[in-house]
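J.: sequence unknown, structure follows:
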């Protein structure tokens, strides 16, 4: 199973690293991460951009999928995601916990909850469905 450090290194030069997402835990069926609320993640209205929250949740679900791929799988692609935004932030750190709901041979479903570290308030509920990919058989 990949470690948080391996995922952080993997994402360093891509969107998760650019936004400042830090993976803090990878376990069986669970990934945790955090994201500091900083100016470049804000919407023009002065609140944390919904896209920043979705990216945090999607990153946790995606890394969870990678850590849980069945034998012989080569990767995955997201086929659906949904988020319900219940709150936002202007400062502090937001945290995400993604948990596997279904780990099948062909699909995985992950639920993620994003909360504000200081207040403990739930900011978003997220569900992601991934299709597991396999190498094309040799002809």
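T.: Right, received. Where do you want to start? Computed from a prediction, not measured in an experiment: that's the story for all the values here. Residues are numbered from 1 along each chain as shown.
J.: and the longest helix for the chain?
T.: helix 50-67 (DSSP state H).
J.: got the buried residues for that one?
T.: 52-67 (16 or more other C-beta atoms under 10 Å). For every residue, glycine as well, the C-beta is placed using N, CA and C.
J.: which strands and helices sit next to that helix?
T.: With contacts taken as 3 or more C-beta pairs under 8 Å, 6 or more residues apart in numbering; DSSP states H and E, helix 50-67 sits against helix 4-11, helix 15-19, strand 22-27, strand 30-36, strand 75-85, strand 93-103, strand 107-116, strand 122-133.
J.: name the strands paired with the fifth one and say parallel or antiparallel.
T.: In its sheet, strand 75-85 lies beside strand 122-133 (antiparallel), with partners assigned from DSSP bridges.
J.: orientation of the strand it pairs with relative to helix 50-67 in degrees?
T.: Taking axes from the mean of the first three to the mean of the last three C-alpha atoms, to 10 degrees, one finds strand 122-133 and helix 50-67 inclined to each other by 40 degrees.
J.: next, the angle from strand 122-133 to strand 107-116.
T.: Using the same axes, to 10 degrees: strand 122-133 against strand 107-116 is 160 degrees.
J.: and strand 122-133, what's its mean pLDDT?
T.: Averaging pLDDT along strand 122-133 yields 98.
J.: then stretch 28-38?
T.: In the prediction, stretch 28-38 has an average pLDDT of 97.
J.: tell me the one of the buried residues of helix 50-67 nearest residue 126?
T.: residue 57 (3.8 Å; C-beta to C-beta).
J.: returning to what we had before: closest one to residue 45 among the helices and strands packed on helix 50-67?
T.: Nearest to residue 45, of all these, is strand 75-85, at 13.3 Å by C-beta to C-beta.
J.: so what touches the closest one?
T.: 50, 53-54, 57-58, 61-62, 65-66, 69, 107-108, 123-133 (C-beta atoms under 8 Å, 6 or more residues apart in numbering).
J.: swap in stretch 39-46?
T.: Here stretch 39-46 makes contact (C-beta under 8 Å, 6+ apart) with 19-20, 35, 48-50, 52, 90.
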